[in-house]
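Colleague: build the 3D model from these lines:
(chains A and B)
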Amino acid sequence: MDEQPIAIKTLTIDGKEVGARSGDTILQVAQEHGIWIPTLCFLDGLTAYGSCRICMVELEGNNRLFPACVTKVYEGMVVIIHSPRLEHYRRVIVEMLLSERPHICSVCVSNGHCELQTMAQLLGVTSVRYPYLMRKHDVDASNHRFLHDDNRCILCGRCVRVCSEIEGAHTWAFSGRGVESRIVTDLDQPWGESESCTGCSKCVHVCPTGALIEKGRSVAEMAKRRQFLPYLTVMRKEDAE
Amino acid sequence: MSRPKIATLWLDGCSGCHMSILDMDQRILELASRADIVYSPLVDTKEFPEGVDVAIVEGAISTDEDVHKIRLVRSRSKFLISLGDCAITGNVPSMRNPFSTQEILERTFVENTTTNPIIPSEDIPKLLDKVVPLHHVVDVDLHLPGCPPPADVIWETVTKLLDGEMPEVTIKTRFGK
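Modeller: So this is what the prediction gives:
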């Protein structure tokens, strides 16, 4: 491997000067310096994806918004994480997620352990300004250990990524467009009949909501265990080197 | 100066939010020493009075009667609080929304009944096509999420309002529990 000297960049995040390695993303640098940027689809150990738009930030001198999880730093960059405009958009995103499917927290197995529920609280979302879509979504209970409830899915794609990048099974995929978008197993066959699924449960534990769960859990009983992910990523990196 | 007037209303909910109000325990006595509770399932007043300072409403809007009540409450109250997830999101009552009202009524009064399976049509409120939150029908001044919202949060909210301050309680409660 070529040993390139690591270029150091300096940038400002919400008025604080920080140093970063060339090639780092805004989110990586912020996290290393203990600065909180809200995220939903991002999960350390999986490829950053930029789909949920919760981590959008402003860059001085540019009118566009940038997702912090996939935007690389540059010298002299001035990043703004908190502004009325950003806070408005973040709240709108959470409200749209809550209005799209029947996320009824009180009767969810992930009640109290859900990242969407927590994000609404952290961003001060106490009501949803939009009409609820109220569509009916199917529940796939064909797998003997796990359950897939589309009513709770926010399409973050963590399951799709963990299944391809970490487990290498490629069982999960997206299907459909817009409000018809869903995650599916194999070629939209029941999960229980999937030939590619290894039953590893990684998708269940990276899922931020109650969309993928273990069977036999009642309301508020489904706490996810995702400590495995950073360890696996680090171990594999060491093996490769 | 006359004492502040507080009212509470129970629409389509399980009464759990009112249970949470009761969970304020001895602090209810303190509240009663500072304000009059003029209308509530907990007191015996038949009609929602005029000039209410703080109205606290539990439950979603599910029938034409609920619509009538919440409009009346709004017109007679200075400050309206949506208390709990049913009032704010529709919550459990809204789980009927993907189905038609006819399907719901058939299931409830015909399919699951052995004696006198008949859909009631007289002297009861008409179901709305969809269950909706309060703020989709009237303006709401404050949302207190939770299923139910904790008693401490209700207490802090009401006492802050009585002190003439706007409560900052959103981080202390959330959807669900």
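Colleague: residue 134: how many residues sit nearby?
Modeller: Since you didn't name a chain, this refers to chain A. 19 (other Cβ atoms under 10 Å in any protein chain shown). C-betas here are computed from N, CA, C, even on glycine.
Colleague: meant chain B actually
Modeller: Other residues near B:Leu134 number 29, with proximity taken as other Cβ under 10 Å.
Colleague: over to A:Ser181?
Modeller: Per other Cβ under 10 Å, the neighbour tally for A:Ser181 reads 13.
Colleague: correct me if wrong: it contacts A:Ser175.
Modeller: Yes. The pair A:Ser181 and A:Ser175 qualifies as a contact (Cβ atoms under 8 Å) at a distance of 7.3 Å.
Colleague: the residue lying closest to A:His33 once chain neighbours are set aside and B:Asp66: what is the separation?
Modeller: Nearest residue to A:His33, sequence neighbours excluded (Cβ to Cβ, 6 or more residues apart in numbering or on different chains): A:Val18, at 5.0 Å. From A:Val18 over to B:Asp66 the distance is 53 Å, taken as Cβ to Cβ, to the nearest Å.
Colleague: same deal with A:Asp138?
Modeller: Using Cβ to Cβ, one obtains 31 Å as the distance from A:Asp138 to B:Asp66.
Colleague: which one of these two has more residues nearby?
Modeller: Between A:Asp138 and B:Asp66, counting by other Cβ under 10 Å, B:Asp66 is the more crowded of the two (23 against 10).
Colleague: what's the helix or strand containing that one in contact with?
Modeller: Counting by DSSP states H and E, the element that carries B:Asp66 is helix B:64-76. With contacts defined as Cβ atoms under 8 Å, 6 or more residues apart in numbering or on different chains, helix B:64-76 is touched by B:7, B:9, B:11-12, B:48-52, B:55, B:57, B:59-61, B:80, B:125-126, B:128, B:134, B:137-139.
Colleague: try 10 Å this time
Modeller: The set of residues that contact helix B:64-76 without belonging to it, under Cβ atoms under 10 Å, 6 or more residues apart in numbering or on different chains, is B:5, B:7, B:9-12, B:39, B:47-52, B:55-57, B:59-61, B:63, B:80, B:82, B:87, B:124-128, B:131-132, B:134, B:137-141.
Colleague: how about that helix: buried residues?
Modeller: Residues of helix B:64-76 classed as buried by neighbour count (16 or more other Cβ atoms under 10 Å in any protein chain shown): B:66-67, B:69-70, B:73-74, B:76.
Colleague: got CSV for those, with pLDDT too?
Modeller: Converted to CSV, those look like this (pLDDT from 0 to 100):
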residue, pLDDT
B:Asp66, 98
B:Val67, 98
B:Lys69, 98
B:Ile70, 98
B:Val73, 98
B:Arg74, 98
B:Arg76, 98
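Colleague: please enumerate the strands of chain A.
Modeller: Per DSSP state E, chain A has strands spanning A:8-13, A:16-21, A:56-59, A:65-67, A:78-80, A:139-140, A:146-149, A:172-175, A:182-185, A:212-214. These are given in chain order.
Colleague: whichever residue of chain A sits closest to chain B: neighbour count?
Modeller: Closest contact between chain A and chain B, by Cβ to the nearest Cβ, is at A:Cys105 (2.8 Å). The criterion is other Cβ under 10 Å. On that basis, A:Cys105 has 28 neighbouring residues.
Colleague: repeat that for B:Thr115.
Modeller: For B:Thr115, the count of nearby residues is 5 (other Cβ under 10 Å).
Colleague: what's the helix or strand for it?
Modeller: Take DSSP H and E as the rule and B:Thr115 turns out to sit in neither a helix nor a strand.
Colleague: spell out which parts of chain A neighbour chain B.
Modeller: Counting by Cβ under 10 Å from any Cβ of the partner chain, the positions of chain A adjacent to chain B are A:98-99, A:102-108, A:110-114, A:116-137, A:151, A:219-220.
Colleague: in PyMOL, how would I select the buried members of these?
Modeller: Buried members of the residues of chain A next to chain B can be picked out in PyMOL with the line below, counting by 16+ other Cβ under 10 Å:
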select buried, chain A and resi 98+99+102+103+104+105+106+107+108+110+111+112+113+114+116+117+118+119+120+121+122+123+125+126+127+128+132+134+151+219+220
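Colleague: out of the strands of chain A, which gets nearest to A:Phe42?
Modeller: strand A:65-67 (9.0 Å; Cβ to Cβ).
Colleague: helices or strands up against that closest one?
Modeller: Judged by 3 or more Cβ pairs under 10 Å, 6 or more residues apart in numbering or on different chains; DSSP states H and E, the packing partners of strand A:65-67 are helix A:26-32, strand A:56-59, helix A:84-100.
Colleague: what is the mean pLDDT for the first one?
Modeller: For helix A:26-32, mean pLDDT rounds to 97.
Colleague: other residues contacting that helix?
Modeller: For helix A:26-32, the surrounding residues in contact (Cβ under 10 Å, 6+ apart) are A:9, A:11, A:13-14, A:16, A:18-21, A:24-25, A:35-37, A:39, A:42, A:44, A:48, A:55, A:57, A:59, A:66-73, A:77, A:79, A:81.
Colleague: can you report how many residues neighbour B:Asp36?
Modeller: Here the neighbour count serves as a burial measure; for B:Asp36 (other Cβ under 10 Å) it reads 17.
Colleague: show me what contacts it?
Modeller: Residues in contact with B:Asp36, defined by Cβ under 10 Å, 6+ apart, are B:2-7, B:43, B:49, B:52-53.
Colleague: I'd like those as TSV, with pLDDT and neighbour count appended.
Modeller: Listed next are these as TSV, based on pLDDT from 0 to 100; neighbours: other Cβ atoms under 10 Å in any protein chain shown:
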residue	pLDDT	neighbour count
B:Ser2	85	7
B:Arg3	94	13
B:Pro4	97	16
B:Lys5	97	20
B:Ile6	97	24
B:Ala7	98	23
B:Val43	91	11
B:Pro49	97	13
B:Val52	98	22
B:Asp53	97	18
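Colleague: let's see which of the contacts of helix B:64-76 end up in helices.
Modeller: Using DSSP state H, B:Ala87 are the members of the contacts of helix B:64-76 that sit in helices.
Colleague: could you report the distance from the residue of chain B found nearest chain A to A:Gly112?
Modeller: In chain B, no residue comes nearer to chain A than B:Gly176, which is 2.8 Å away by Cβ to the nearest Cβ. B:Gly176 sits at a distance of 7 Å from A:Gly112 (criterion: Cβ to Cβ).
Colleague: where does pLDDT dip in the chain?
Modeller: Went with chain A since none was named. Counting by pLDDT under 70, chain A contains low-confidence residues at A:1-5.
Colleague: switch to chain B, please.
Modeller: In the predicted model, chain B carries pLDDT under 70 at residues B:1.
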